[in-house]
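**Student:** Everything below, folded, please.
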Amino acid sequence: MTGRAVLQACNLADRLLTPPEETVASVSDTPVDGQRDLYHQVEARVVSDFERLLDVVSTVAPGTLQNTAPSPTPSRLPASTIEEVSDQQDKLNAEQLLVVKSCQAAALHAADTALLTPWSSHQLNVAARRLLKQLCAAMPTAVAAPPQTGSPQPDEQNLIAAIMPAVLPLLSPALIFEGTYSSIQGKPKNAGPDAFTRRLAGRQLAFLLRQLDYRHLSGLLPSALPYVLDIVKDPSPSVQCYGLHALHHIATASTPSEESSLSAEALAADLRPHQRQLTAAAQEMLVGCDDAAWQVAAPTSCTIICALGTGTGHAAYHNVVKELLRQAETQCYKQGRRLIWLQAVKPIFKASSCGCFAFVPKEA
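**Tutor:** This next block holds a predicted model:
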């Protein structure tokens, strides 16, 4: 494959990573028929881009990712500078960069029942899944695992685990929100990417992590978890939800081949080095939580505390329970939040050896 073809394919992947925001924002002002026509036009163009990218990716030599060296990821998000992203891209050869960007494009459009994706459709999901399947050929034979019963698409998991060290630094500039950024060199106070850009990056990261089981997640936690926690702290509820879904998946991941008790102990051991950050996030995500994020924040907070295995006597456990009770008291007039609260608190009651009982009339 020529260098020019790879460059064109990378540009094509970059275009797939930027859905037309102006179309999403302006369709509400368009008549229904015009909106439908405009949507189908955009959908047909994006599907065509996927097909062209798939043709190029099919020529990538097997084992392209074999020499991809995982670069060390900082414990916090770096500054969003073009130089840092360029340095990360320079560490990859042209074909490796094409594989990474193609995976990002597939992660942005592939369907996930928990992740809201208004810019995608069934046809785009099919095209994205085909692209992921083709990208598995770029994995070295020694790394690509054979299909296993009960473990869906293990090749894709190996692919995602291999590219994550390269994907994280590329996503970091789009995930930073500088809410207290002072005006320097003419930059506005709230410098940084807008909510839509952060939403696209958060969706990619959440999708990639949610495709991995415990065996692949355990090695990625030290590098990926700081990015997820920063998404959870985003001021936009639509961006927060992506981080919350990813965090909930991390806290509930288990190995299918192991006993459930052993999986829980292994997961708690991997999460324990990050206990301080996780317990703080479990409490903070409940404080002032927007209604749009509450349906994910409440179960995620309870699941994190239980997954850490700290026990009911730990201070973090009491802080989360205290905040849950405060939310139940102050938001009790909202039926939707009450129902979500009752479902989310079940692991807490189970860990405390408590139970909820329905009111039974005396006549019964």
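**Student:** so when I look at residue 117, I'm seeing a strand, right?
**Tutor:** No. Residue 117: not assigned to a strand; according to DSSP: H, G, I helix; E, B strand; the rest coil it is coil.
**Student:** Which residue, neighbours along the chain excluded, lies closest to it?
**Tutor:** residue 203 (6.6 Å; CB to CB, 6 or more residues apart in numbering). For the C-beta atoms, the positions are set from N, CA and C on the backbone; glycine is no exception.
**Student:** Report the contact partners of the one you found.
**Tutor:** Applying CB atoms under 8 Å, 6 or more residues apart in numbering to residue 203 gives the contacts 107, 108, 115, 117, 242.
**Student:** Pop out the phi and psi values for it.
**Tutor:** Backbone torsions of residue 203, given as degrees, to the nearest 10, read phi -70, psi -40.
**Student:** coming back round to it: next, format the contacts of residue 203 as TSV and append neighbour count.
**Tutor:** Formatted as TSV, the contacts of residue 203 follow (neighbours: other CB atoms under 10 Å):
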residue	neighbour count
107	25
108	21
115	18
117	18
242	29
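**Student:** ok, of these, which one's closest to residue 164?
**Tutor:** residue 107 (10.8 Å; CB to CB).
**Student:** Surely the closest one is in contact with residue 210?
**Tutor:** No. Counting by CB atoms under 8 Å, residue 107 does not reach residue 210; the two are 9.7 Å apart.
**Student:** want to try CSV for the contacts of residue 203, with pLDDT as columns?
**Tutor:** Formatted as CSV, those follow (pLDDT from 0 to 100):
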residue, pLDDT
107, 94
108, 93
115, 92
117, 85
242, 95
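**Student:** list the buried ones in stretch 218-229?
**Tutor:** Neighbour-count burial for stretch 218-229, with 16 or more other CB atoms under 10 Å as criterion, is recorded at 218, 220, 221, 223, 224, 225, 226, 227, 228, 229.
**Student:** nearest spatial neighbour of the third one, skipping sequence neighbours?
**Tutor:** So the one you mean is residue 221. residue 270 (5.7 Å).
**Student:** neighbours of the one you found, just the number please.
**Tutor:** 19 (other CB atoms under 10 Å).
**Student:** Which helix or strand contains it?
**Tutor:** Assigned by DSSP states H and E, residue 270 belongs to helix 260-271.
**Student:** got the contact list for the helix or strand just after that helix?
**Tutor:** Downstream of helix 260-271, the next assigned helix or strand under DSSP H and E is helix 275-284. Outside helix 275-284, the residues within contact range by CB under 8 Å, 6+ apart are 225-226, 229, 232-233, 247, 271, 300-301, 304-305, 308, 310, 316, 319-320, 323.
**Student:** Show me the shaky parts of the stretch 101-250 of the chain.
**Tutor:** Filtered on pLDDT under 70, the stretch 101-250 of the chain yields the residue ranges 140-154, 177-191.
**Student:** about what we covered before: so of the buried residues of stretch 218-229, which ones are in helices?
**Tutor:** Secondary structure from DSSP state H places 218, 220, 221, 223, 224, 225, 226, 227, 228, 229 of those in helices.
**Student:** Now distance to residue 162 too, for the residues you listed, in CSV please.
**Tutor:** Shown next, in CSV, are those (distance: CB to CB, whole Å):
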residue, distance to residue 162
218, 15
220, 11
221, 16
223, 13
224, 14
225, 19
226, 20
227, 17
228, 19
229, 23
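**Student:** and which of these is nearest to residue 133?
**Tutor:** Once CB to CB is applied, the member of those that ends up nearest residue 133 is residue 220, at 21.6 Å.
**Student:** number of nearby residues for the closest residue in space to that closest one that isn't next to it in sequence?
**Tutor:** Spatial nearest neighbour of residue 220, chain neighbours left out: residue 164 (5.5 Å); criterion: CB to CB, 6+ apart. Look at residue 164: counted by other CB under 10 Å, it has 24 neighbours.
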